[in-house]
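Peer 1: Need the 3D shape of this:
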Amino acid sequence: MDHYSTLGLTHMADTAAIRAAYRALAKVYHPDVSKLPDAHERFVAITEAYEVLSDPSARDRYDRTRQSPSPKRASPQNEARYARATEARQRAAREHAEQYTRMRYDQFDQYAFDTVAGYLVPKVLGCFGIAIVALVLFALLLIIREALDLPAFFVMLGMMVVVGLSGWASATFDVWHNERQVRKKMGRR
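Peer 2: Predicted coordinates for the structure are as follows:
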């Protein structure tokens with residue numbers, strides 16, 4: 001099977017074109033949205049093609065086999081090894097595709113195409129919020145020290161407590177955020 005033609009591309013396609021073609025075809029053939037009788041099989045085929053072509057090492061191995069329209073070719077002894085690796089990757093991709101067909105389309109779209117920004121922005125904002133709270137607490141320590149004329153040791157001890165609490169809050173937030181991402185991907189909010 002020519003994975004490039006499955007996605008409507010040539011072997012010259014870059015990663016962005018492969019991703020865009022897969023997303024466009026998934027919108028048409030995902031069994032949750034398509035009423036075509038062969039939607040399931042077509043969705044599995046485009047997912048298989050995408051998973052092979054979106055991974056640079058899998059794509060390189062695929063391009064060195066006779067299935068690919070790419071002019072790259074492996075030596076005869078290596079081609080069999082590359083073909084076996086490509087077949088193993090295709091089997092795993094088919095299993096993933098079967099899982100994706102059981103998802104609602106909106107769950108699949110979020111799972112497969114969630115952006116890095118969608119993951120990082122809440123994480124960065126959470127860390128920024130923790131840093132702001134730490135700075136406010138540190139400022140309060142300085143104000144209390146000045147108002148009560150406490151020794152500098154008080155500020156140093158308070159700073160150590162604030163830094164420790166900030167580290168704990170950051171780690172706790174990180175765990176919560178990662179669990180939230182997993183729940184989103186599984187369709188449970």
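Peer 1: List the buried residues of the host helix or strand of Ser170.
Peer 2: Using DSSP states H and E, Ser170 falls within helix 152-185. The neighbour-count check on helix 152-185 (16 or more other CB atoms under 10 Å) flags Val155, Gly158, Val162, Ser166, Ala169, Ser170, Phe173, His177, Lys184 as buried. Glycine gets a C-beta too; all of them are placed from N, C-alpha and C.
Peer 1: what does stretch 18-30 give?
Peer 2: Within stretch 18-30, the residues that count as buried by 16+ other CB under 10 Å are Ile18, Arg19, Ala21, Tyr22, Leu25, Ala26, Tyr29, His30.
Peer 1: What's the local residue count around the residue nearest to Thr65 when sequence neighbours are not counted?
Peer 2: Spatial nearest neighbour of Thr65, excluding adjacent residues (CB to CB, 6 or more residues apart in numbering): Ala83 at 4.7 Å. Look at Ala83: counted by other CB atoms under 10 Å, it has 17 neighbours.
Peer 1: picking up where we left off before, tell me the helices and strands packed up against the helix holding Ser170.
Peer 2: helix 105-113, helix 116-148 (3 or more CB pairs under 8 Å, 6 or more residues apart in numbering; DSSP states H and E).
Peer 1: Any chance of JSON lines for the buried residues of stretch 18-30, columns pLDDT?
Peer 2: Shown next, in JSON lines, are the buried residues of stretch 18-30 (pLDDT from 0 to 100):
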{"residue": "Ile18", "pLDDT": "93"}
{"residue": "Arg19", "pLDDT": "90"}
{"residue": "Ala21", "pLDDT": "94"}
{"residue": "Tyr22", "pLDDT": "93"}
{"residue": "Leu25", "pLDDT": "94"}
{"residue": "Ala26", "pLDDT": "91"}
{"residue": "Tyr29", "pLDDT": "93"}
{"residue": "His30", "pLDDT": "92"}
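Peer 1: Output the helix or strand Val44 falls within as CSV, nothing but the C-alphas.
Peer 2: Using DSSP H and E, Val44 falls within helix 39-54. Provided in CSV are the C-alpha atoms of helix 39-54 (Å, rounded to 0.1, in the frame of the first residue of the first chain):
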residue,chain,number,x,y,z
ALA,A,39,-15.6,4.8,6.3
HIS,A,40,-14.2,2.5,9.0
GLU,A,41,-11.8,0.8,6.6
ARG,A,42,-10.7,4.1,5.0
PHE,A,43,-10.2,5.8,8.4
VAL,A,44,-8.0,2.8,9.5
ALA,A,45,-6.0,3.1,6.2
ILE,A,46,-5.4,6.8,6.6
THR,A,47,-4.5,6.5,10.2
GLU,A,48,-2.0,3.7,9.4
ALA,A,49,-0.5,5.9,6.6
TYR,A,50,-0.3,8.9,9.0
GLU,A,51,1.4,7.0,11.8
VAL,A,52,4.0,5.6,9.5
LEU,A,53,4.7,8.9,7.7
SER,A,54,4.6,11.2,10.7
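Peer 1: Thanks again, I'm all set now.
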